[in-house]
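In: Let me see the structure of the following:
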Amino acid sequence: MKKIAITLLTAFVGGAVAVGAYKLVENKYADTASLEEKQKVYFTNNPQSITSSTGQLDFTQAAAAVTPAVVHIKTTYKGQQGNGAGDPFDDMFNDFFGGRRRQATPVMASGSGVIISDDGYIVTNNHVVEDATDISVVLTDKRTFKAKVIGRDPNTDLALIKVSATKLPVVKFGNSDNVRVGEWVLAVGYPFTLNTTVTAGIISAKGRQIGILGQSESNPYQRRSGPQVNTAIESFIQTDAAINRGNSGGALVNTNGELIGINAAIASQSGNYEGYGFAIPINLAKKVLDDFMKYGTVKRGYIGVSFSELDADRAKQLGVTEINGLYVNQIVPGSGAEAAGLKKGDIITKVDGNKIYASSDLQERVARLRPGDKINITYLHDGKERTVNITLKSESESQLAGTSGRSSEEVYNKLGASFAPLSSAQKQRYHINAGVVVSEVRPGGFFDQIEIPRGTIITSINGKPVNKVDDIDAAISDMRGDMMRVNGIAPDGSKVAYNFQIDN
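Out: Next comes the predicted model:
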C-alpha cells in the first residue's frame, strides 16, 4: 500500500511539473510566435472540414466558418465644429452677432476587420483606424472590446490592432498566389453598418495597380487617406463580389473559407458599389502584419532601380523590341542592383522565375521581403538574358533614384522639402511625362512658408521639366536672387503655380 501511495505521489508531482513546464513554454511561445505559427496551432486544435461545392454554387460552409471572425470596427475622431446639418445663414448670423456657436461633436466612422489569431490580433485597413482617438471592435455575438493599434502602414493600407481577449474565432490564411481569375470568392464585412454581410462573386483580375493609395477623396476610387508619395505598393485582387462603404478591412475568402485578401477599395463614381472591388493579397499582408508584431513598423527592402513599364508605344519610344517587362531608367548608387551588375537600359523580365507584365508584379514580391533578403531577378542586357540574386537594402542604405546625398541634402536645406521620383502609374494618371513628388515639408522652410503641401507634384521650374532632385538643385544653383516659377499638381489633382525668390 505504501509503495502504491509513493507511486501515485510521484506520478502526481511529475504530472504537475510537466504541466507547469508546458504552460511556461506555451506562454513564451504565445509572445514570440508569428501569426502564421499562431494559426497553425489554432487550426491544429480546431480543425475545419470545408468542402467546396462551387459546382452547385453553395457557399454556406465557407460563410459559416468565416463570419464569426469578421468584426465591426467603430472609430471616433476628434470633434469638429458644428455637425454640418445646420442652416448656413444661421451660422453666419451667429458668427457676426455673437450667437452661441455649436459645440464640437465627435466624428464617428466604421469599417470591418478580420480576426487572425485567437488571442486578439485583428487586421484591417489603415484608413479605417488612421487618426482615430477611440477604436471599438464588435463581434458577431455582440461582445464589444476596446482595441489598440499595433501598427499602421499607409503604403499598403494595412493596420494591425489588438483586443484583450482569448479563444476568439479565427479566419484561416489562404495563399493569394494560388488565386486564379474566374475563381469564386466571398466578401464578408459590415457595409453601411449592417450586421455581417456576405456577398459572392469571382476574381476578375490580379495585380491591379489603380493609383488609389495617396489620393484624395476627389479621386473616383473611394478611400479616405493615405501616403502622398510613390512608396505606395499596389497589387490588388480585383473582384465583382459586392463591396460597399463599411466593407473596408473585411475578408475576401475562397470557397474553402480561407482568407486570400483584405478588402480595401471600390471603383465608383457614386461612392457605392458599381461592379469592382479591390483587396490586398494576404501573402503581402502577412509579411506586413508580422513586421508590426515584431518591430512595430514595416521593415522594407529596396532593389535600387527606377523603371518604366513597357508596352508597344513605350518600347517604340525607347527603341527596344521587348514590349513586356520593366525598363531600367536609373540605378541607385550603392544599391543592391548596382552591386548585382544591373545597368541603365536593362529590361527586367522576371522576378523569382515569374514573368513580369506590370510594375506591381515586382513591387509586391519585393514588399514581402526585408533588408538582407535576396530576390532572384532575370533581365535582358544588350539582348542577352541574365539572372542574378540581388540582396535588398534598407531605405537608409538606399538613395532615391537619380539623386546624390549632397544634392538631396542641399535642396532640403534650401527649400525645406525633400522629394521622390514619380511612379509610372502617377505619370499615367495625371498625363504627364515628368515630375517629382514632395515627400516631406519642413516647418519654417520655403515650401512651408508659401504653403506647398506634402504630396504636391513639381512638374517644372522656370519652364524646364523636373524629373529628379538633381534637376531642382541645378535650377536653384543657377538662381542669383531671381524669381523662381514652380509649376505642378496639387494633391487634389488641380494645377498650381508658385512664384518666389530664393537666395543662394
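In: Phi and psi next, for residue 374.
Out: When quoted as degrees, to the nearest 10, the phi and psi of residue 374 stand at phi -110, psi 150.
In: can you tell me which residues contact it?
Out: Residue 374 makes contact with 389-392, according to CB atoms under 8 Å, 6 or more residues apart in numbering. For every residue, glycine as well, the C-beta is placed using N, CA and C.
In: Residue 205 contacts residue 238, doesn't it?
Out: Yes: with contact defined as CB atoms under 8 Å, residue 205 and residue 238 form a contacting pair (4.0 Å).
In: So which of the two has more stuff around it?
Out: Neighbours of residue 205 and residue 238, each counted by other CB atoms under 10 Å, are more numerous for residue 238; the result is 20 against 13.
In: show me where the chain has helices.
Out: Assignment of helices within the chain using DSSP state H yields the ranges 2-32, 35-45, 60-66, 88-97, 126-129, 282-295, 312-318, 336-340, 359-367, 405-415, 424-430, 446-449, 469-477.
In: need the least confident one among those, by mean pLDDT.
Out: Across the helices of the chain, helix 88-97 has the smallest mean pLDDT, namely a mean of 42.
In: ok, and what's touching stretch 278-287?
Out: Contacts made with stretch 278-287 from outside it, assessed by CB under 8 Å, 6+ apart, are listed as 35-36, 123, 156-158, 173-177, 179, 187, 208, 210, 212, 233, 235-239, 252, 259-267, 364, 367-370.
In: Just the CA atoms of that stretch, as CSV, please.
Out: As requested, the backbone C-alpha atoms of stretch 278-287 are provided in CSV (Å, rounded to 0.1, in the frame of the first residue of the first chain):
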residue,chain,number,x,y,z
PHE,A,278,-10.2,45.6,-54.7
ALA,A,279,-8.5,43.5,-52.0
ILE,A,280,-4.9,43.5,-50.6
PRO,A,281,-3.4,40.0,-51.2
ILE,A,282,-2.9,38.1,-48.0
ASN,A,283,0.6,36.9,-48.9
LEU,A,284,1.7,40.6,-48.9
ALA,A,285,-0.4,41.3,-45.8
LYS,A,286,1.2,38.5,-43.8
LYS,A,287,4.7,40.0,-44.0
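In: Check the offset of that stretch from the chain's centre.
Out: 9 Å (CA atoms, centre = their mean, to the nearest Å).
In: Make 21 the starting number, not 1.
Out: That works, and once the first residue is 21, the last one we named lands at stretch 298-307.
In: Between the two ends of stretch 169-185, how far is it?
Out: Taking CA to CA, to the nearest Å as the measure, stretch 169-185 stretches 15 Å from start to finish.
In: May I ask which helix or strand of this protein has the lowest mean pLDDT?
Out: strand 241-242 (a mean of 30; mean pLDDT, DSSP states H and E).
In: can you tell me which residues contact the residue nearest the centre of the chain?
Out: Averaging the C-alpha coordinates of the chain gives a centre point, and the residue nearest to it by CA atoms, centre = their mean is residue 176 (0.6 Å). Shown here is residue 176, whose contacts under the criterion CB under 8 Å, 6+ apart are 146, 233, 252-253, 300, 304-305, 308, 318, 387.
In: Put the buried members of those into a ChimeraX selection.
Out: Selection of buried members from those for ChimeraX, criterion 16 or more other CB atoms under 10 Å:
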select :146,233,252,253,300,304,305,308,318,387
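In: Please identify which of the contacts of residue 176 is nearest to residue 67.
Out: Looking at the contacts of residue 176 and their distance to residue 67, the nearest is residue 305, at 23.8 Å (CB to CB).
In: From residue 261, how far out is that closest one?
Out: The span separating residue 305 from residue 261 equals 18 Å under the rule CB to CB, to the nearest Å.
In: Isn't residue 480 up against residue 486?
Out: Yes: the pair residue 480 and residue 486 qualifies as a contact (CB under 8 Å) at a distance of 5.8 Å.
In: of the two, who's got more company?
Out: The neighbour count for residue 480 versus residue 486, taken as other CB under 10 Å, is higher for residue 486 (23 against 18).
In: which ones are touching that one?
Out: Contact criterion CB under 8 Å, 6+ apart gives 454-456, 478-480, 492, 495 as the residues in contact with residue 486.
In: which two from those residues end up farthest apart in space?
Out: With distance counted by CB to CB, no two of those lie farther apart than 455 and 495, which are 13.9 Å apart.
In: Neighbour count: those two, which is higher?
Out: Set side by side, residue 455 and residue 495 show more neighbours around residue 455, with 22 against 18, by other CB under 10 Å.
In: quick one: that one and residue 442 touch, right?
Out: Yes: shown here, residue 455 and residue 442 form a contact pair, counting by CB under 8 Å, at 4.8 Å.
In: which residues do the two both contact?
Out: What both residue 455 and residue 442 touch, as defined by CB under 8 Å, 6+ apart, is the set residue 477.
In: Of the contacts of residue 394, just say which sits nearest to residue 184.
Out: The nearest one, if we look at the contacts of residue 394 relative to residue 184 and count by CB to CB, is residue 412, at 35.9 Å.
In: Now do the same contact list for the residue nearest to that closest one when sequence neighbours are not counted.
Out: Spatial nearest neighbour of residue 412, excluding adjacent residues (CB to CB, 6 or more residues apart in numbering): residue 321 at 2.7 Å. Residue 321 sits next to 386, 389-393, 395, 412-414 when contact means CB under 8 Å, 6+ apart.
In: out of those residues, which are inside strands?
Out: Counting by DSSP state E, the part of the contacts of residue 321 found in strands is residue 395.
In: Please spell out the ChimeraX selection for the buried subset of the contacts of residue 321.
Out: Buried residues within the contacts of residue 321, as defined by 16+ other CB under 10 Å, are selected in ChimeraX through the command that follows:
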select :386,389,390,391,395,412,413
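In: Can you add distance to residue 165 and give the contacts of residue 321 back as JSON lines?
Out: As requested, those are exported to JSON lines (distance: CB to CB, whole Å):
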{"residue": "386", "distance to residue 165": "35"}
{"residue": "389", "distance to residue 165": "33"}
{"residue": "390", "distance to residue 165": "31"}
{"residue": "391", "distance to residue 165": "35"}
{"residue": "392", "distance to residue 165": "37"}
{"residue": "393", "distance to residue 165": "35"}
{"residue": "395", "distance to residue 165": "39"}
{"residue": "412", "distance to residue 165": "37"}
{"residue": "413", "distance to residue 165": "40"}
{"residue": "414", "distance to residue 165": "35"}
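In: List just the nearest of the contacts of residue 321 to residue 325.
Out: Using CB to CB, residue 386 is the member of the contacts of residue 321 that lies nearest residue 325, at 10.3 Å.
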